[in-house]
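[1] no sequence on this one, just coordinates:
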């Protein structure tokens, strides 16, 4: 009897083991089967491309991309993007998207990276004006100008005011890309991205005054509009109020003295009395 029970238990164990092994084998078979995925062509940069580069067949290549993972603005043929410039640097194998391309008729180089309606204006700088060389492409600056106010007395001296705030630097010298390690670049010219109105203001400031660039954080976009500082106010001793009379002030009018009062004489004629006035001799 005990032998029969052992045989029955062994048979049941073998059956269960067979079923489990069959289940595991089928699961491994399903996992090993690779479902083919449909793909499409995608144009990418073959090598790292700097800002303003004109795209050509030599610096592009085509890879296969899953069809079910569409990317907005993607291109599938090199001919679609050839001869166009990029307005942002591209890394190797980075997709060439429409939003990273300049218009077809804009050419290549720095001019292709300037958005429509804006201008690139260059100003002369030195190591001090250029904030020790840390004003590099892509950084944001404020523009200050120092000069003499027209129509004011020379006693007030020069004034300094901020004429532009949160202005992007397009290029430092002939470089349009920032150093990857953030190293300073000593250059003689800085090109700023401004509106047409700001371009005329910047040109006037750099021609008739002395400009200074103030480096700011790229995420700090708030405009502060700081007040104008007068030289006389800045260097006036503490506690002394600055009082400058504007030129051309009207002279104070002098009021002539009042004339002396006339003489009054009482005249009696019979029973009639009357007062008669005679001019004072000082009136003549």
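    Structure's in. What do you need? Just so it is clear, the structure is predicted and the values come from calculations on it, not from any experiment. Numbering: from 1, shown residues only.
[2] So, low pLDDT: which residues of the protein?
    Along the chain, segments meeting pLDDT under 70 span 1-2, 31-36, 151-156, 179-181, 236-256, 263-264, 267, 270, 278, 280-284.
[3] for it, what spans make up the helices?
    Counting by DSSP state H, the chain has helices at residues 2-32, 196-208, 231-234.
[4] Mind giving me the packing neighbours of the first one?
    In terms of contacts (3 or more CB pairs under 8 Å, 6 or more residues apart in numbering; DSSP states H and E), helix 2-32 is not packed against any helix or strand. For glycine as for every other residue, the C-beta is placed from the backbone atoms N, C-alpha and C.
[5] re earlier: format the helices of the chain as CSV; extra columns: distance to residue 262 and mean neighbour count.
    Below are the helices of the chain laid out as CSV (distance: least, CB to CB, whole Å; neighbours: other CB atoms under 10 Å):
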stretch, distance to residue 262, mean neighbour count
helix 2-32, 130, 9
helix 196-208, 66, 15
helix 231-234, 55, 14
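[6] Any idea which of these gets closest to residue 45?
    helix 196-208 (32.9 Å; CB to CB).
[7] re earlier: in CSV, list the helices of the chain along with distance to residue 39.
    What follows is the helices of the chain, written out as CSV (distance: least, CB to CB, whole Å):
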stretch, distance to residue 39
helix 2-32, 21
helix 196-208, 47
helix 231-234, 68
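[8] Those helices: which one's closest to residue 49?
    The closest of those to residue 49 is helix 196-208. By CB to CB, the value is 29.0 Å.
[9] what helices or strands is that closest one leaning on?
    strand 119-124, strand 140-148, strand 158-172.
[10] May I see those arranged in a markdown table, with mean neighbour count and distance to residue 224 as well?
    Compiled in a markdown table, those are given as follows (neighbours: other CB atoms under 10 Å; distance: least, CB to CB, whole Å):
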| stretch | mean neighbour count | distance to residue 224 |
| --- | --- | --- |
| strand 119-124 | 17 | 22 |
| strand 140-148 | 18 | 9 |
| strand 158-172 | 19 | 7 |
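[11] In JSON lines, list the ones you listed along with distance to residue 261.
    Shown next, in JSON lines, are those (distance: least, CB to CB, whole Å):
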{"stretch": "strand 119-124", "distance to residue 261": "75"}
{"stretch": "strand 140-148", "distance to residue 261": "57"}
{"stretch": "strand 158-172", "distance to residue 261": "56"}
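[12] which stretch among those comes nearest residue 96?
    Counting by CB to CB, and looking across all of the helices and strands packed on helix 196-208, nearest comes strand 158-172 at 22.2 Å.
[13] Who are the packing partners of the closest one?
    Contact here means 3+ CB pairs under 8 Å, 6+ apart; on that basis strand 158-172 packs against strand 140-148, strand 189-194, helix 196-208, strand 229-230.
[14] again, 6 Å this time
    Other elements packing on strand 158-172 under the criterion 3 or more CB pairs under 6 Å, 6 or more residues apart in numbering; DSSP states H and E are strand 140-148, strand 189-194, helix 196-208.
[15] any idea of the angle the first one forms with helix 196-208?
    Strand 140-148 runs at 50 degrees relative to helix 196-208, counting by axes from the mean of the first three to the mean of the last three CA atoms, to 10 degrees.
[16] And the contacts of strand 140-148?
    Strand 140-148 has contacts (CB atoms under 6 Å, 6 or more residues apart in numbering) with 135, 158, 160, 162-168, 205, 209-216, 218.
[17] Give me the distance between the closest residue to residue 157 other than its chain neighbours and residue 118.
    The shortest distance from residue 157 to any non-neighbouring residue, by CB to CB, 6 or more residues apart in numbering, is to residue 231 (3.0 Å). The gap separating residue 231 from residue 118 is 34 Å, by CB to CB, to the nearest Å.
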